[in-house]
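> sharing a model prediction with you, sequence too.
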Amino acid sequence: MSNINEQNQLKIKRRCVDSVDLMSAVHLGLANKIVVSADFPNLNIETIVKAKKLGCDIYGIYLQDDLESVEKLKNIGVLTNFAINASDNNKSLKPLFSHLSNITEIDKFSSGLEELTQIPGLISVWGINGSPGRTTTAINLAFSLANKNSPTLLIDLDAVAPSIAASLGIVSEVPGISSVIHDALKGKLNIHSFEKNVIEVNSGLHVLTGITNPKRWPELRTEGLLQVFKQASQIYPNIVCDLSAVLPETIDPNLNNLDIFRRFDHIPKVLELSSQLIFVLNANPLGLIRSSESLEALSEIYKREPLIVLNKVNSFNLGAKYESTVEAILGRWTNPEQIQRIPDRPELFARIWLKAESVLNLGDGEIVGIFNKISNLVRNEVSKPPKSKRFLRRVS
């Protein structure tokens, strides 16, 4: 395959791991040319027939003199095959390159994604490691936006410890974000995909629950998630995403190819396409130190100024030099006057977890005012997307 990438007029769009992955790429329209070998996992005649019906040209490759592989490819419907001479790859692959170069509508879907620069109303809640309060911030922000008569979709994209469902007391068999992404990968995404998978927890606030099994993340391609965002932005003025703190580049390179660590691949693209980004950190010395490294990495992805939320603020943690410390560390990334500070209220936030509801319902005027201010700063001012619709599935 490296030989194909070396051809200026050719570009590999996906190295598929098996037939399921291959059909996902076909449904997404990533390409209309497919190259397979006889030992490709789970390859069968049904897959070949489906791919051909969707307009794909399929070519087989085999090692010269491997007649058994040629026979297998022909038996499953791959009729155009090319022998590879291991001693002279480039020469033996020239006929294949010639067929692949006749590309007409390749990259139809991918080019559309590459043109995306921002998803209207997409608000990402991200931050440092160590439970700084990302999920709590995302939930209460979503409630505050919905209370402003601004329909909001809250999506749990935490690939480490998704907890929005538990935080809101959601007990449901609805599969949530995984089902909607699968619909996108199969080319079946529409407004009914959301209708059957969202849960309404408050008037104007809908939730797509997360994926509790990390091994499932690799099958849910970023391309599908981006399609979900594009469709959701036609329904909801605001889309609030709770994201893991991990970035793929921070993982040991030796582990990058392991499926379990590919669950973070979507995070940079979500951050990049966000119209607003909220960065959450703990208001203590360790949180401030960690934030500097995280904000440095974020600046390479998100080219606008994030809204920084300093959580669990109390004078004891930071001492008398609180304000000067905050300004020295965070002032590089934002105007210190724009930093939002949430006071440390352990008993109050323990109550919202026990009651599985928003802190906005518990009568703390200062906290309510802070989240109202945050929501006003990040709110999408579009009054009503073209396909806005209110679903009726209530939280159980």
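Thanks, I have the structure now.
> how about the residue nearest in space to the middle of the chain: what's its closest non-neighbour residue?
For the chain, the residue nearest the mean C-alpha position is residue 266 (4.1 Å; CA atoms, centre = their mean). Excluding the flanking residues, the one nearest residue 266 by CB to CB, 6 or more residues apart in numbering is residue 222, at 4.5 Å. From N, CA and C alone the C-beta is placed, and that goes for glycine too.
> find me the pLDDT at that neighbour, would you?
At residue 222, the model reports a pLDDT of 82.
> need phi/psi at it.
The phi/psi pair for residue 222 (degrees, to the nearest 10) reads phi -60, psi -30.
> residue contacts, it?
Contacts for residue 222 (CB atoms under 8 Å, 6 or more residues apart in numbering) come out as 265, 266, 269.
> pLDDT and distance to residue 176 added to the residues you listed, as CSV?
Below are those laid out as CSV (pLDDT from 0 to 100; distance: CB to CB, whole Å):
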residue, pLDDT, distance to residue 176
265, 81, 19
266, 87, 15
269, 91, 20
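> closest to residue 306 out of those residues?
Nearest to residue 306 among the contacts of residue 222: residue 269, at 16.4 Å, using CB to CB.
> packing partners of the helix or strand the closest one falls within?
Secondary-structure assignment from DSSP states H and E places residue 269 in helix 267-273. When contacts are defined as 3 or more CB pairs under 8 Å, 6 or more residues apart in numbering; DSSP states H and E, helix 267-273 packs onto strand 119-127, helix 222-232, strand 238-243.
> same thing but 10 Å
With contacts taken as 3 or more CB pairs under 10 Å, 6 or more residues apart in numbering; DSSP states H and E, helix 267-273 sits against strand 119-127, strand 152-157, helix 222-232, strand 238-243, helix 285-299.
> the very next helix or strand once past it - contacts with which helices or strands?
Sequence-wise, the next helix or strand downstream of helix 267-273 (DSSP H and E) is strand 274-282. Contact here means 3+ CB pairs under 10 Å, 6+ apart; on that basis strand 274-282 packs against strand 119-127, helix 134-147, strand 238-243, helix 285-299, strand 307-313, helix 322-330, strand 340-343, helix 365-378.
> these: lowest mean pLDDT?
Across the helices and strands packed on strand 274-282, helix 322-330 has the smallest mean pLDDT, namely a mean of 83.
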